[in-house]
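**Q** Let me see the structure of the following:
(2 chains)
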Amino acid sequence: MNDFDAYVLAAWPRLLRSAWLLTGDWQLAEDLVQTVLAKVHGRWTRISDDAPDAYIRKMLATTYLNWWRRRWRGEVPTDRLPERSAADAHDALDLQDAVRRALARLPRQQRAVLMLRFHADLTEVATAQALGIGRGTVKSHTARAIAALRGDPSLRALLTGDVQR
Amino acid sequence: MTFDNRLAELLDAATAPVPPGRLTAPLPAIRRRIRRQRAVIALAVTGVAIALIAGFALARSPIDRAAPPGTRGTTPSTTVDLRMQVAWESALLARDGRTVTIYAGPRGECQELVDGTAVITRQDGGQVTIAVRAWIVPTNDCGLVVPLQVRLERPLGDRDVRDAATGEARPTYRESHLPDLRNDARWSPFSVGWTAPDDGWRAAYNGPNGSILSIEGEPGSTAGGDRSNAITLGSRQGTLLDRRSTWAVRWSVGDVTYELSVQPSEGETLTRQEFVAEVSRLAWP
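**A** Here you go, the predicted structure:
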(Lines give C-alpha, C1' and ligand atoms only; values in the text may rest on other atoms or scores of the structure.)
Protein backbone atom coordinates (compact mmCIF):
# COMPACT_ATOMS: atom_id res chain seq x y z
CA MET A 1 0.00 0.00 0.00
CA ASN A 2 1.45 3.37 -0.96
CA ASP A 3 1.55 6.48 1.17
CA PHE A 4 -1.48 8.08 -0.50
CA ASP A 5 -3.67 5.00 -0.04
CA ALA A 6 -2.64 4.69 3.59
CA TYR A 7 -3.53 8.33 4.19
CA VAL A 8 -6.91 7.97 2.46
CA LEU A 9 -7.84 4.94 4.53
CA ALA A 10 -6.96 6.72 7.77
CA ALA A 11 -8.34 10.17 6.93
CA TRP A 12 -11.50 9.10 5.09
CA PRO A 13 -13.97 9.29 8.02
CA ARG A 14 -12.86 12.73 9.18
CA LEU A 15 -12.83 14.13 5.62
CA LEU A 16 -16.26 12.64 5.03
CA ARG A 17 -17.55 14.39 8.14
CA SER A 18 -16.18 17.72 6.95
CA ALA A 19 -17.81 17.21 3.56
CA TRP A 20 -21.12 16.35 5.22
CA LEU A 21 -21.10 19.71 6.99
CA LEU A 22 -20.99 21.28 3.54
CA THR A 23 -23.44 19.08 1.69
CA GLY A 24 -25.72 17.76 4.45
CA ASP A 25 -25.95 14.46 2.59
CA TRP A 26 -23.66 11.45 3.03
CA GLN A 27 -23.75 10.42 -0.62
CA LEU A 28 -22.89 13.90 -1.85
CA ALA A 29 -20.26 14.14 0.87
CA GLU A 30 -18.64 10.93 -0.36
CA ASP A 31 -18.74 12.17 -3.95
CA LEU A 32 -17.15 15.46 -2.88
CA VAL A 33 -14.34 13.76 -0.93
CA GLN A 34 -13.64 11.37 -3.80
CA THR A 35 -13.51 14.28 -6.25
CA VAL A 36 -11.04 16.18 -4.09
CA LEU A 37 -8.85 13.15 -3.37
CA ALA A 38 -8.61 12.44 -7.11
CA LYS A 39 -7.47 16.02 -7.64
CA VAL A 40 -5.03 15.88 -4.75
CA HIS A 41 -3.37 12.65 -5.90
CA GLY A 42 -1.30 14.39 -8.58
CA ARG A 43 0.25 16.77 -6.08
CA TRP A 44 0.50 14.36 -3.18
CA THR A 45 4.28 14.48 -2.87
CA ARG A 46 4.11 18.23 -2.39
CA ILE A 47 1.42 18.29 0.27
CA SER A 48 1.91 15.04 2.14
CA ASP A 49 4.60 16.42 4.45
CA ASP A 50 2.66 19.47 5.50
CA ALA A 51 -0.75 18.96 7.11
CA PRO A 52 -2.65 17.31 4.26
CA ASP A 53 -5.90 17.41 6.25
CA ALA A 54 -5.97 21.19 6.27
CA TYR A 55 -5.07 21.38 2.60
CA ILE A 56 -7.74 18.87 1.63
CA ARG A 57 -10.40 20.53 3.75
CA LYS A 58 -9.69 23.82 2.00
CA MET A 59 -10.12 22.01 -1.30
CA LEU A 60 -13.34 20.47 -0.06
CA ALA A 61 -14.69 23.94 0.61
CA THR A 62 -13.59 25.48 -2.68
CA THR A 63 -14.65 22.45 -4.72
CA TYR A 64 -18.00 22.40 -2.95
CA LEU A 65 -18.61 26.07 -3.78
CA ASN A 66 -17.59 25.60 -7.39
CA TRP A 67 -19.22 22.20 -7.71
CA TRP A 68 -22.53 23.36 -6.40
CA ARG A 69 -22.57 26.22 -8.84
CA ARG A 70 -21.98 23.88 -11.74
CA ARG A 71 -24.55 21.21 -10.95
CA TRP A 72 -27.94 22.59 -11.56
CA ARG A 73 -30.22 19.71 -10.86
CA GLY A 74 -28.30 17.52 -8.50
CA GLU A 75 -28.00 19.51 -5.32
CA VAL A 76 -30.89 21.81 -4.68
CA PRO A 77 -32.35 21.61 -1.21
CA THR A 78 -34.66 18.64 -0.90
CA ASP A 79 -37.44 17.39 1.28
CA ARG A 80 -36.23 13.81 1.31
CA LEU A 81 -35.10 12.34 4.56
CA PRO A 82 -31.37 12.11 5.18
CA GLU A 83 -29.63 8.77 5.14
CA ARG A 84 -29.68 7.42 8.65
CA SER A 85 -26.82 5.73 10.43
CA ALA A 86 -27.51 2.34 11.92
CA ALA A 87 -26.16 3.57 15.21
CA ASP A 88 -28.59 3.39 18.08
CA ALA A 89 -27.64 6.73 19.56
CA HIS A 90 -30.91 8.52 18.89
CA ASP A 91 -29.75 11.67 20.60
CA ALA A 92 -26.78 11.87 18.29
CA LEU A 93 -29.01 11.38 15.29
CA ASP A 94 -31.43 14.01 16.48
CA LEU A 95 -28.53 16.39 16.94
CA GLN A 96 -27.24 15.50 13.48
CA ASP A 97 -30.64 16.18 11.99
CA ALA A 98 -30.95 19.50 13.83
CA VAL A 99 -27.50 20.62 12.65
CA ARG A 100 -28.22 19.46 9.10
CA ARG A 101 -31.43 21.46 9.01
CA ALA A 102 -29.79 24.53 10.53
CA LEU A 103 -26.86 24.39 8.11
CA ALA A 104 -29.22 23.89 5.17
CA ARG A 105 -30.66 27.33 5.89
CA LEU A 106 -27.27 28.99 5.55
CA PRO A 107 -25.91 30.32 2.28
CA ARG A 108 -23.15 28.09 0.91
CA GLN A 109 -20.28 30.45 1.68
CA GLN A 110 -21.33 30.65 5.30
CA ARG A 111 -21.35 26.86 5.51
CA ALA A 112 -17.89 26.73 3.96
CA VAL A 113 -16.61 29.32 6.43
CA LEU A 114 -18.14 27.46 9.38
CA MET A 115 -16.58 24.17 8.30
CA LEU A 116 -13.14 25.68 7.83
CA ARG A 117 -13.19 27.77 10.99
CA PHE A 118 -14.82 25.37 13.45
CA HIS A 119 -14.27 21.91 12.02
CA ALA A 120 -10.95 22.26 10.20
CA ASP A 121 -9.83 24.72 12.89
CA LEU A 122 -8.39 27.24 10.43
CA THR A 123 -7.74 30.82 11.43
CA GLU A 124 -9.72 33.67 9.93
CA VAL A 125 -6.75 34.56 7.74
CA ALA A 126 -6.27 30.98 6.51
CA THR A 127 -9.99 30.68 5.84
CA ALA A 128 -9.97 33.94 3.89
CA GLN A 129 -7.01 32.75 1.82
CA ALA A 130 -8.59 29.35 1.19
CA LEU A 131 -11.84 30.84 -0.11
CA GLY A 132 -10.29 33.83 -1.88
CA ILE A 133 -12.27 36.34 0.15
CA GLY A 134 -11.32 39.08 2.61
CA ARG A 135 -10.81 38.55 6.32
CA GLY A 136 -13.70 40.92 6.97
CA THR A 137 -15.94 38.78 4.82
CA VAL A 138 -14.93 35.73 6.83
CA LYS A 139 -15.83 37.63 10.01
CA SER A 140 -19.21 38.69 8.69
CA HIS A 141 -20.00 35.22 7.32
CA THR A 142 -19.03 33.72 10.67
CA ALA A 143 -21.12 36.20 12.64
CA ARG A 144 -24.17 35.70 10.45
CA ALA A 145 -23.85 31.93 10.50
CA ILE A 146 -23.50 31.87 14.28
CA ALA A 147 -26.46 34.20 14.67
CA ALA A 148 -28.52 31.90 12.49
CA LEU A 149 -27.47 28.81 14.45
CA ARG A 150 -28.18 30.57 17.74
CA GLY A 151 -31.58 31.51 16.43
CA ASP A 152 -32.41 27.88 15.75
CA PRO A 153 -34.58 26.67 18.64
CA SER A 154 -33.16 23.16 18.55
CA LEU A 155 -29.55 24.39 18.78
CA ARG A 156 -29.90 27.47 20.95
CA ALA A 157 -29.62 25.67 24.23
CA LEU A 158 -26.59 23.74 23.09
CA LEU A 159 -24.79 26.79 21.82
CA THR A 160 -25.58 29.44 24.41
CA GLY A 161 -26.12 28.42 27.99
CA ASP A 162 -24.11 30.57 30.37
CA VAL A 163 -21.09 30.76 28.12
CA GLN A 164 -19.84 34.21 27.12
CA ARG A 165 -18.23 34.55 23.72
CA MET B 1 -15.52 26.47 27.52
CA THR B 2 -15.55 29.23 24.91
CA PHE B 3 -18.33 29.60 22.40
CA ASP B 4 -15.94 28.65 19.59
CA ASN B 5 -15.05 25.41 21.36
CA ARG B 6 -18.70 24.70 22.03
CA LEU B 7 -19.57 25.18 18.37
CA ALA B 8 -16.64 23.01 17.27
CA GLU B 9 -17.78 20.27 19.65
CA LEU B 10 -21.33 20.57 18.40
CA LEU B 11 -20.19 20.11 14.79
CA ASP B 12 -18.03 17.15 15.83
CA ALA B 13 -20.93 15.56 17.67
CA ALA B 14 -23.31 16.17 14.77
CA THR B 15 -21.01 14.45 12.30
CA ALA B 16 -20.15 11.51 14.56
CA PRO B 17 -22.81 9.07 13.36
CA VAL B 18 -21.58 8.12 9.89
CA PRO B 19 -23.65 5.44 8.13
CA PRO B 20 -21.66 2.21 8.59
CA GLY B 21 -21.49 1.51 4.87
CA ARG B 22 -19.62 4.76 4.29
CA LEU B 23 -16.97 4.49 6.98
CA THR B 24 -14.42 2.72 4.80
CA ALA B 25 -12.62 4.64 2.09
CA PRO B 26 -13.71 3.42 -1.39
CA LEU B 27 -10.14 3.15 -2.71
CA PRO B 28 -11.06 1.40 -6.00
CA ALA B 29 -13.53 4.18 -6.86
CA ILE B 30 -10.96 6.85 -6.01
CA ARG B 31 -8.35 5.09 -8.16
CA ARG B 32 -10.82 4.98 -11.07
CA ARG B 33 -11.34 8.72 -10.76
CA ILE B 34 -7.60 9.30 -10.70
CA ARG B 35 -7.14 7.21 -13.86
CA ARG B 36 -9.97 9.03 -15.62
CA GLN B 37 -8.53 12.39 -14.64
CA ARG B 38 -5.09 11.42 -15.97
CA ALA B 39 -6.67 10.34 -19.26
CA VAL B 40 -8.48 13.67 -19.58
CA ILE B 41 -5.31 15.66 -18.89
CA ALA B 42 -3.26 13.55 -21.31
CA LEU B 43 -5.83 13.93 -24.04
CA ALA B 44 -6.14 17.68 -23.53
CA VAL B 45 -2.36 18.16 -23.54
CA THR B 46 -2.00 15.99 -26.65
CA GLY B 47 -4.76 17.90 -28.42
CA VAL B 48 -3.23 21.27 -27.65
CA ALA B 49 0.23 20.07 -28.69
CA ILE B 50 -1.05 18.68 -32.00
CA ALA B 51 -2.95 21.89 -32.66
CA LEU B 52 0.08 24.05 -31.96
CA ILE B 53 2.42 21.96 -34.09
CA ALA B 54 -0.02 21.56 -36.98
CA GLY B 55 -1.12 25.17 -36.88
CA PHE B 56 2.47 26.40 -36.82
CA ALA B 57 3.51 24.08 -39.66
CA LEU B 58 0.56 24.92 -41.87
CA ALA B 59 0.86 28.62 -41.23
CA ARG B 60 4.60 28.80 -41.88
CA SER B 61 5.08 26.49 -44.87
CA PRO B 62 3.18 28.43 -47.54
CA ILE B 63 4.85 31.67 -46.52
CA ASP B 64 8.29 30.13 -46.61
CA ARG B 65 7.70 28.73 -50.07
CA ALA B 66 5.63 31.43 -51.70
CA ALA B 67 6.71 34.72 -50.26
CA PRO B 68 8.74 36.73 -52.79
CA PRO B 69 12.18 37.91 -51.68
CA GLY B 70 12.01 40.95 -49.48
CA THR B 71 8.41 40.45 -48.46
CA ARG B 72 8.90 37.83 -45.76
CA GLY B 73 7.46 39.12 -42.54
CA THR B 74 5.03 41.44 -44.22
CA THR B 75 2.73 38.73 -45.54
CA PRO B 76 -0.22 38.20 -43.21
CA SER B 77 0.16 34.82 -41.55
CA THR B 78 -2.67 32.33 -41.69
CA THR B 79 -3.74 30.18 -38.79
CA VAL B 80 -5.56 26.89 -38.89
CA ASP B 81 -8.17 26.19 -36.25
CA LEU B 82 -8.22 22.45 -35.67
CA ARG B 83 -10.93 22.60 -33.03
CA MET B 84 -14.26 20.98 -33.78
CA GLN B 85 -17.16 23.11 -34.90
CA VAL B 86 -19.85 22.41 -32.33
CA ALA B 87 -23.61 22.77 -32.66
CA TRP B 88 -24.82 25.01 -29.85
CA GLU B 89 -27.95 24.99 -27.76
CA SER B 90 -29.35 28.42 -27.00
CA ALA B 91 -28.50 32.09 -26.68
CA LEU B 92 -29.08 34.83 -24.15
CA LEU B 93 -29.21 38.46 -25.24
CA ALA B 94 -28.03 40.89 -22.56
CA ARG B 95 -29.89 44.05 -21.65
CA ASP B 96 -27.55 46.10 -23.85
CA GLY B 97 -29.10 44.35 -26.86
CA ARG B 98 -25.66 43.57 -28.32
CA THR B 99 -23.94 41.08 -26.04
CA VAL B 100 -24.97 37.53 -26.86
CA THR B 101 -24.04 34.58 -24.67
CA ILE B 102 -24.05 31.30 -26.53
CA TYR B 103 -24.55 28.07 -24.58
CA ALA B 104 -22.79 25.11 -26.14
CA GLY B 105 -22.19 21.62 -24.90
CA PRO B 106 -21.04 18.27 -26.25
CA ARG B 107 -23.70 15.77 -27.30
CA GLY B 108 -21.60 12.67 -26.60
CA GLU B 109 -21.50 10.83 -23.32
CA CYS B 110 -19.23 12.20 -20.63
CA GLN B 111 -17.48 14.80 -22.72
CA GLU B 112 -16.88 18.49 -22.21
CA LEU B 113 -15.91 21.45 -24.33
CA VAL B 114 -12.48 22.94 -23.69
CA ASP B 115 -11.05 26.21 -25.00
CA GLY B 116 -14.28 27.10 -26.77
CA THR B 117 -14.88 30.31 -28.68
CA ALA B 118 -17.89 31.77 -30.42
CA VAL B 119 -17.53 33.96 -33.51
CA ILE B 120 -20.01 35.75 -35.72
CA THR B 121 -19.77 34.28 -39.19
CA ARG B 122 -22.52 36.29 -40.83
CA GLN B 123 -24.90 39.09 -39.94
CA ASP B 124 -27.42 40.95 -42.02
CA GLY B 125 -30.83 42.56 -41.61
CA GLY B 126 -32.58 39.27 -40.88
CA GLN B 127 -30.15 37.14 -38.95
CA VAL B 128 -26.92 36.75 -37.04
CA THR B 129 -25.05 33.48 -37.53
CA ILE B 130 -22.66 32.34 -34.85
CA ALA B 131 -20.18 29.46 -34.92
CA VAL B 132 -18.72 27.72 -31.89
CA ARG B 133 -15.41 25.89 -32.05
CA ALA B 134 -13.89 23.90 -29.19
CA TRP B 135 -11.96 20.80 -28.24
CA ILE B 136 -14.16 17.93 -27.13
CA VAL B 137 -12.55 15.86 -24.39
CA PRO B 138 -13.72 13.13 -22.00
CA THR B 139 -14.54 14.34 -18.53
CA ASN B 140 -16.19 13.62 -15.22
CA ASP B 141 -18.59 16.56 -15.60
CA CYS B 142 -20.53 15.02 -18.44
CA GLY B 143 -21.99 17.25 -21.11
CA LEU B 144 -22.02 20.55 -19.23
CA VAL B 145 -22.83 23.53 -21.42
CA VAL B 146 -20.37 26.39 -21.44
CA PRO B 147 -21.26 30.07 -21.95
CA LEU B 148 -19.37 31.87 -24.74
CA GLN B 149 -19.87 35.53 -25.58
CA VAL B 150 -19.92 37.54 -28.76
CA ARG B 151 -20.70 41.22 -29.22
CA LEU B 152 -22.78 42.42 -32.13
CA GLU B 153 -21.92 45.53 -34.11
CA ARG B 154 -25.47 46.76 -33.67
CA PRO B 155 -28.40 45.67 -31.47
CA LEU B 156 -29.94 42.32 -32.35
CA GLY B 157 -33.45 43.72 -32.60
CA ASP B 158 -35.82 41.12 -33.97
CA ARG B 159 -33.21 39.25 -36.01
CA ASP B 160 -32.83 35.47 -35.65
CA VAL B 161 -29.73 34.04 -34.06
CA ARG B 162 -28.59 31.01 -36.05
CA ASP B 163 -26.09 28.27 -35.48
CA ALA B 164 -23.44 28.13 -38.20
CA ALA B 165 -23.11 24.36 -37.70
CA THR B 166 -26.72 23.62 -38.63
CA GLY B 167 -28.03 26.83 -40.17
CA GLU B 168 -30.99 26.67 -37.78
CA ALA B 169 -32.34 29.54 -35.70
CA ARG B 170 -31.79 28.74 -32.02
CA PRO B 171 -33.94 29.70 -29.01
CA THR B 172 -32.87 33.16 -27.93
CA TYR B 173 -33.72 34.33 -24.44
CA ARG B 174 -33.52 37.99 -23.53
CA GLU B 175 -32.68 39.67 -20.27
CA SER B 176 -35.15 42.36 -21.26
CA HIS B 177 -37.90 39.77 -20.74
CA LEU B 178 -36.81 39.16 -17.15
CA PRO B 179 -37.03 41.01 -13.86
CA ASP B 180 -33.91 43.11 -13.28
CA LEU B 181 -32.24 41.80 -10.13
CA ARG B 182 -28.98 43.69 -10.54
CA ASN B 183 -29.91 46.35 -8.00
CA ASP B 184 -31.88 44.07 -5.70
CA ALA B 185 -29.58 43.52 -2.73
CA ARG B 186 -31.60 40.57 -1.50
CA TRP B 187 -30.66 38.35 -4.43
CA SER B 188 -27.11 37.55 -5.46
CA PRO B 189 -26.51 35.52 -8.62
CA PHE B 190 -24.55 32.32 -8.79
CA SER B 191 -23.53 30.35 -11.84
CA VAL B 192 -25.50 27.29 -12.70
CA GLY B 193 -24.65 24.53 -15.13
CA TRP B 194 -26.83 22.23 -17.16
CA THR B 195 -26.11 19.52 -19.64
CA ALA B 196 -26.53 19.26 -23.40
CA PRO B 197 -28.66 18.58 -25.31
CA ASP B 198 -30.89 21.20 -23.74
CA ASP B 199 -32.13 24.28 -25.55
CA GLY B 200 -33.33 25.96 -22.36
CA TRP B 201 -31.58 28.59 -20.26
CA ARG B 202 -31.27 29.02 -16.51
CA ALA B 203 -30.19 31.48 -13.85
CA ALA B 204 -30.26 31.30 -10.09
CA TYR B 205 -29.81 33.62 -7.14
CA ASN B 206 -29.09 33.14 -3.46
CA GLY B 207 -31.61 34.95 -1.32
CA PRO B 208 -32.62 35.68 2.25
CA ASN B 209 -32.30 32.82 4.77
CA GLY B 210 -30.89 30.37 2.28
CA SER B 211 -33.71 30.68 -0.22
CA ILE B 212 -33.03 30.34 -3.94
CA LEU B 213 -34.70 32.18 -6.77
CA SER B 214 -34.39 30.44 -10.11
CA ILE B 215 -35.44 31.38 -13.61
CA GLU B 216 -35.69 28.93 -16.47
CA GLY B 217 -36.37 29.62 -20.10
CA GLU B 218 -37.60 27.14 -22.67
CA PRO B 219 -38.63 27.34 -26.30
CA GLY B 220 -42.31 27.62 -27.12
CA SER B 221 -45.17 29.72 -25.96
CA THR B 222 -47.82 28.82 -23.41
CA ALA B 223 -51.24 30.29 -23.90
CA GLY B 224 -53.22 32.02 -21.14
CA GLY B 225 -53.98 29.39 -18.57
CA ASP B 226 -56.39 29.49 -15.66
CA ARG B 227 -57.57 33.09 -15.19
CA SER B 228 -57.85 32.65 -11.46
CA ASN B 229 -54.08 32.14 -11.41
CA ALA B 230 -53.26 35.15 -13.60
CA ILE B 231 -50.73 37.61 -12.22
CA THR B 232 -49.43 40.90 -13.58
CA LEU B 233 -45.67 41.03 -14.10
CA GLY B 234 -44.92 44.64 -15.02
CA SER B 235 -46.10 45.03 -18.59
CA ARG B 236 -46.86 41.32 -18.99
CA GLN B 237 -49.23 38.72 -17.68
CA GLY B 238 -48.12 35.48 -16.12
CA THR B 239 -49.69 32.42 -14.59
CA LEU B 240 -49.14 31.20 -11.06
CA LEU B 241 -48.28 27.53 -10.66
CA ASP B 242 -48.53 25.45 -7.50
CA ARG B 243 -45.22 23.65 -6.95
CA ARG B 244 -45.95 21.59 -3.86
CA SER B 245 -44.01 23.44 -1.11
CA THR B 246 -43.69 26.63 -3.12
CA TRP B 247 -45.02 28.50 -6.14
CA ALA B 248 -43.78 29.52 -9.55
CA VAL B 249 -44.86 31.99 -12.19
CA ARG B 250 -44.73 31.37 -15.92
CA TRP B 251 -44.89 33.88 -18.75
CA SER B 252 -44.27 33.84 -22.49
CA VAL B 253 -42.72 36.43 -24.74
CA GLY B 254 -42.76 35.70 -28.46
CA ASP B 255 -41.61 32.14 -28.96
CA VAL B 256 -40.02 31.53 -25.57
CA THR B 257 -41.45 30.88 -22.13
CA TYR B 258 -39.94 31.64 -18.75
CA GLU B 259 -40.63 30.26 -15.31
CA LEU B 260 -39.52 31.93 -12.09
CA SER B 261 -39.70 30.07 -8.82
CA VAL B 262 -38.55 30.72 -5.27
CA GLN B 263 -37.28 27.72 -3.36
CA PRO B 264 -37.49 28.39 0.36
CA SER B 265 -34.81 27.05 2.67
CA GLU B 266 -34.96 23.36 3.43
CA GLY B 267 -38.00 22.35 5.43
CA GLU B 268 -39.76 25.68 4.82
CA THR B 269 -42.72 26.35 2.59
CA LEU B 270 -43.85 29.43 0.73
CA THR B 271 -47.52 30.32 0.57
CA ARG B 272 -49.17 31.71 -2.51
CA GLN B 273 -49.51 35.08 -0.79
CA GLU B 274 -45.83 35.16 0.20
CA PHE B 275 -44.75 34.17 -3.29
CA VAL B 276 -46.92 36.84 -4.92
CA ALA B 277 -45.44 39.38 -2.52
CA GLU B 278 -41.92 38.31 -3.48
CA VAL B 279 -42.72 38.47 -7.18
CA SER B 280 -44.29 41.90 -6.79
CA ARG B 281 -41.12 43.25 -5.21
CA LEU B 282 -39.04 42.41 -8.30
CA ALA B 283 -38.32 45.04 -10.95
CA TRP B 284 -40.27 43.76 -13.95
CA PRO B 285 -39.95 45.29 -17.41
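**Q** Tell me where chain A has helices.
**A** Assigned helices in chain A, in chain order: A:3-23, A:26-41, A:44-47, A:52-70, A:90-104, A:108-114, A:124-131, A:135-150, A:153-159 (criterion: DSSP state H).
**Q** Can you check which of these gets nearest to B:Arg281?
**A** Closest of the helices of chain A to B:Arg281 is helix A:135-150, at 21.7 Å (criterion: C-beta to C-beta). Bear in mind the C-beta positions are built from the backbone N, C-alpha and C, glycine included.
**Q** Report the buried residues of the closest one.
**A** Burial within helix A:135-150, assessed by neighbour count using 16 or more other C-beta atoms under 10 Å in any protein chain shown, is assigned to A:Thr137, A:Val138, A:His141, A:Thr142, A:Ala145, A:Ile146, A:Ala148, A:Leu149, A:Arg150.
**Q** re the thing from before, deepest-packed of the helices of chain A, please.
**A** Across those, averaging neighbours per residue (mean count of other C-beta atoms under 10 Å in any protein chain shown) puts helix A:108-114 on top, at a mean of 24.
**Q** What's the mean pLDDT across that helix?
**A** Across helix A:108-114, pLDDT averages out at 91.
**Q** So which elements touch it?
**A** helix A:3-23, helix A:52-70, helix A:124-131, helix A:135-150 (3 or more C-beta pairs under 8 Å, 6 or more residues apart in numbering or on different chains; DSSP states H and E).
**Q** mean pLDDT lowest for which of those helices?
**A** Of all those, the minimum mean pLDDT falls on helix A:52-70 (a mean of 82).
**Q** Show the end-to-end separation of stretch B:152-169, please.
**A** 16 Å (C-alpha to C-alpha, to the nearest Å).
**Q** Tell me how far that stretch lies from the chain's centre.
**A** Its chain's average C-alpha position is 18 Å from that of stretch B:152-169, according to C-alpha atoms, centre = their mean, to the nearest Å.
**Q** mind listing what residue 22 touches?
**A** Picked chain A for this. Under the criterion of C-beta atoms under 8 Å, 6 or more residues apart in numbering or on different chains, the contact list for A:Leu22 reads A:Ala29, A:Leu32, A:Leu60, A:Ala61, A:Tyr64, A:Arg108, A:Arg111, A:Ala112, A:Met115.
**Q** Sorry, I should have been clearer: chain B.
**A** Contacts for B:Arg22 were tallied using C-beta under 8 Å, 6+ apart; they are A:Leu16, A:Trp26, A:Glu30.
**Q** And the second one, how close does it get to chain B?
**A** Pointing back at A:Trp26 there. Going from A:Trp26 to chain B by C-beta to the nearest C-beta, to the nearest Å gives 5 Å.
**Q** related to what we said a few turns ago, could the helices of chain A be laid out in JSON lines, adding distance to B:Leu152?
**A** Compiled in JSON lines, the helices of chain A are given as follows (distance: least, C-beta to C-beta, whole Å):
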{"stretch": "helix A:3-23", "distance to B:Leu152": "41"}
{"stretch": "helix A:26-41", "distance to B:Leu152": "38"}
{"stretch": "helix A:44-47", "distance to B:Leu152": "46"}
{"stretch": "helix A:52-70", "distance to B:Leu152": "28"}
{"stretch": "helix A:90-104", "distance to B:Leu152": "42"}
{"stretch": "helix A:108-114", "distance to B:Leu152": "35"}
{"stretch": "helix A:124-131", "distance to B:Leu152": "37"}
{"stretch": "helix A:135-150", "distance to B:Leu152": "37"}
{"stretch": "helix A:153-159", "distance to B:Leu152": "53"}
